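Chemist: return atomic coordinates for the entry below.
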Amino acid sequence: MIRFYFDFISPYAYLAWTQCPTLGVPIEPVPVLFAGLLDAHGTKGPAEVPARRANLIRDVARKAQRLGVPIEVPFAHPFNPLLALRVASLPGIDQLQVVDTLYRAAWAERRDITDPAVVSALVGEALVARAAEAKPLLRAQTDAAIARGVFGVPTLAIDDELFWGTDALPDLVRYLEGARVSAEWLARWESLPAAAVRPRAG
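Modeler: Numbering: from 1, shown residues only. Predicted coordinates:
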């Protein structure tokens with residue numbers, strides 16, 4: 001079982017989601033609030049840094065082209081993903097279908113998944129009416145992800161390993177095939193002292 005940590009706000013998570021069926025392993029989607037991950041780790045999202053935002057637009061287009069994945073310019077970016085994340089976190093739903101529908105709507109159909117009327121049309125009024133029930137669940141999922149070491153989306157977790165980003169998918173495939181990084185090598189790296197610290201402005 002692979003846990004797929006994601007936020008609908010991320011086009012990279014959308015691209016990774018489209019590739020999950022090719023992995024041949026059951027997927028458990030775990031909605032998390034990307035902004036919560038950023039706050040917890042003291043970092044900025046790519047859309048918050050002008051140079052990174054400019055690169056993101058081109059990079060996402062190139063990756064979508066290479067993967068053969070349909071992608072549209074979204075209705076806005078960044079946008080508030082809370083409604084969609086809460087709906088996708090509700091217990092007792094066909095979660096894979098709901099996540100797929102909302103991702104496709106946002107990134108392939110240019111639909112505003114911040115609008116309750118749009119989300120109702122996509123997944124049903126009953127789920128939108130229940131969205132507030134999932135508020136504590138989404139918070140708990142985000143907190144648990146942070147505790148596990150998740151700092152960005154998409155992150156795919158299997159066993160004790162985390163694979164972050166669309167570019168990590170080939171490494172995940174190799175892991176599933178039996179490739180491993182030496183525990184002794186990792187321990188040596190993790191024990192390294194910091195020989196320089198970059199001063200922070202302010």
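Chemist: contacts, neighbours, all on C-alpha from now
Modeler: Fine.
Chemist: for the top helix by length along the chain, buried residues please.
Modeler: Taking DSSP state H as the criterion, the chain has its longest helix at helix 50-67. Neighbour counts over helix 50-67 (16 or more other C-alpha atoms under 10 Å) mark Leu56, Val60, Ala61, Ala64 as buried.
Chemist: likewise for stretch 31-46?
Modeler: Neighbour-count burial for stretch 31-46 [16+ other C-alpha under 10 Å]: Pro31, Val32, Leu33, Phe34, Ala35, Gly36, Leu37, Gly45.
Chemist: mean confidence for it?
Modeler: What stretch 31-46 shows for mean pLDDT is 94.
Chemist: which stretches of this structure form strands?
Modeler: For the chain, the strands defined by DSSP state E occupy 2-6, 27-31, 155-158, 161-164.
Chemist: if we can go back for a sec, narrow the buried residues of stretch 31-46 to those in helices?
Modeler: Phe34, Ala35, Gly36, Leu37.
Chemist: returning to that earlier point: make a markdown table from the strands of the chain and add distance to Ala131 to it.
Modeler: Listed next are the strands of the chain as a markdown table, based on distance: least, C-alpha to C-alpha, whole Å:
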| stretch | distance to Ala131 |
| --- | --- |
| strand 2-6 | 18 |
| strand 27-31 | 13 |
| strand 155-158 | 24 |
| strand 161-164 | 28 |
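Chemist: quick check: which of those is nearest to Thr114?
Modeler: Relative to Thr114, the nearest member of the strands of the chain by C-alpha to C-alpha is strand 27-31, separated by 15.3 Å.
Chemist: CA atoms only: put that closest one into CSV for me.
Modeler: Extracted C-alpha coordinates of strand 27-31, given in CSV (Å, rounded to 0.1, in the frame of the first residue of the first chain):
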residue,chain,number,x,y,z
ILE,A,27,-3.0,3.6,-3.4
GLU,A,28,-4.4,5.3,-0.3
PRO,A,29,-5.0,9.0,-1.0
VAL,A,30,-4.3,11.3,2.0
PRO,A,31,-5.5,14.9,1.6
